[in-house]
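Asks: compute the structure for the input listed below.
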Amino acid sequence: MARKSRKPKSARKAAAAPRGPVHWLAGAIRRARRLLGRALLVALLVAVAWVGLYRFVPPPGGIYMLQEWRRTGSIERDWVPMSRIAPVMARSVIAAEDANFCLHWGFDMAEIRRVIDTGGTRGASTLSQQTAKNVFLWHGRTWVRKALESVFTLKMEALWPKRRILEVYLNVAEFDDGVFGVEAAARHYFNTTAADLTPTQAARLAVVLPSPKTRDAANPTQFLRNRTAAVMDGAATIARDGRADCIGG
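Replies: So this is what the prediction gives:
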């Protein structure tokens, strides 16, 4: 008696598999997950390459700088390497904005806890976070922007030395309406260069950073004069105690 031929197991499974809407939806979800995973991987690789490029190439600017150029029609900015920035300027910015810059990995957890414990409303953004925002992102207080800022901050800390982070920050920070970077700021306020800034001039530039559109380094209020004196003391202190060692100053 002849035996009936049997279908391969794969064919039997395919024939037995359900083909209804549920099966179609499950397949669509699997495909969407694969596409999303690939898209995230590509985005990650692009971001790493982008951050890595700016380790060696001066960033052309940022979204905010472009917005200001479109608003005013022109901006002042001249890129200068750290070797052409007075060391006291670098120390003054650290003293004014992020005293533990050389000690943290992009996020000052001690400062964040202090702000939370005291119920303060002032932000605790580090120079690394501010650089990530100014170079790669836009200004704003949305959770999406803060999340992306954290990602770029970690990539910068991993791929750039601290000296490079501060160099980029000093060249993209706004010091007055439409005045970006320490070289343009030195010329704008004091008719000098970033390399020739005095300790007082450097401290005055540092204290306008939190509010560059309302503070004037050339004609400071009494509050800014007092703040300038405090920053000068802080810059001298971090030079003595080693908190500026990561920038060679």
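Asks: which element is the spatially most central residue of the chain on?
Replies: Closest to where the C-alpha atoms of the chain average out (C-alpha atoms, centre = their mean) is Ala132, at 1.3 Å. Taking DSSP states H and E as the criterion, the element that holds Ala132 is helix 127-136.
Asks: returning to that earlier point: and the residue nearest to the centre of the chain, what does it touch?
Replies: With contacts defined as C-beta atoms under 8 Å, 6 or more residues apart in numbering, the neighbours of Ala132 are 149, 152-153, 156. To be clear about C-beta, it is placed using only N, CA and C from the backbone, and glycine gets the same treatment.
Asks: take these and keep only those in helices.
Replies: 149, 152-153, 156 (DSSP state H).
Asks: could the residues you listed go into CSV alongside distance to Val172?
Replies: As requested, these are arranged in CSV below (distance: C-beta to C-beta, whole Å):
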residue, distance to Val172
Glu149, 14
Phe152, 13
Thr153, 15
Met156, 13
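Asks: check the secondary structure at Phe56 for me.
Replies: Secondary structure of Phe56, reduced to three states by DSSP: H, G, I helix; E, B strand; the rest coil: coil.
Asks: picking that back up, once you drop chain neighbours, what's closest to the residue nearest to the centre of the chain?
Replies: Of all residues beyond its chain neighbours, the one nearest Ala132 is Phe152 (3.9 Å), with distances taken as C-beta to C-beta, 6 or more residues apart in numbering.
Asks: quick check: the one you found touching Val51?
Replies: Yes - the pair formed by Phe152 and Val51 meets the contact definition of C-beta atoms under 8 Å, at 6.7 Å.
Asks: common neighbours of the two, please.
Replies: Taking C-beta under 8 Å, 6+ apart as the contact criterion, the common neighbours of Phe152 and Val51 are Phe136.
Asks: separation between Ser83 and Ala195?
Replies: Ser83 sits 8 Å away from Ala195, going by C-beta to C-beta, to the nearest Å.
Asks: ah, wrong one, I meant Arg84
Replies: From Arg84 over to Ala195 the distance is 5 Å, taken as C-beta to C-beta.
Asks: what does Phe56 give?
Replies: Summarising the geometry, the distance separating Phe56 from Ala195, computed by C-beta to C-beta, is 22 Å.
Asks: so those two - more neighbours on which side?
Replies: More neighbours sit around Ala195 than around the other of Phe56 and Ala195, counting by other C-beta atoms under 10 Å; the figures are 15 against 8.
Asks: isn't that one up against Met82?
Replies: No - assessed by C-beta under 8 Å, Ala195 is found out of contact with Met82, at 10.4 Å.
Asks: can I see the domain layout of this protein?
Replies: Described in terms of automatic domain parsing, the domain architecture of the chain consists of the residue ranges 23-54, 61-247.
Asks: ok, and what's touching stretch 230-245?
Replies: The set of residues external to stretch 230-245 that reach it, using C-beta under 8 Å, 6+ apart, is 88, 90-92, 94-96, 99-103, 199-200, 202-203, 206-207, 249.
Asks: that's all I had, so thanks and see you.
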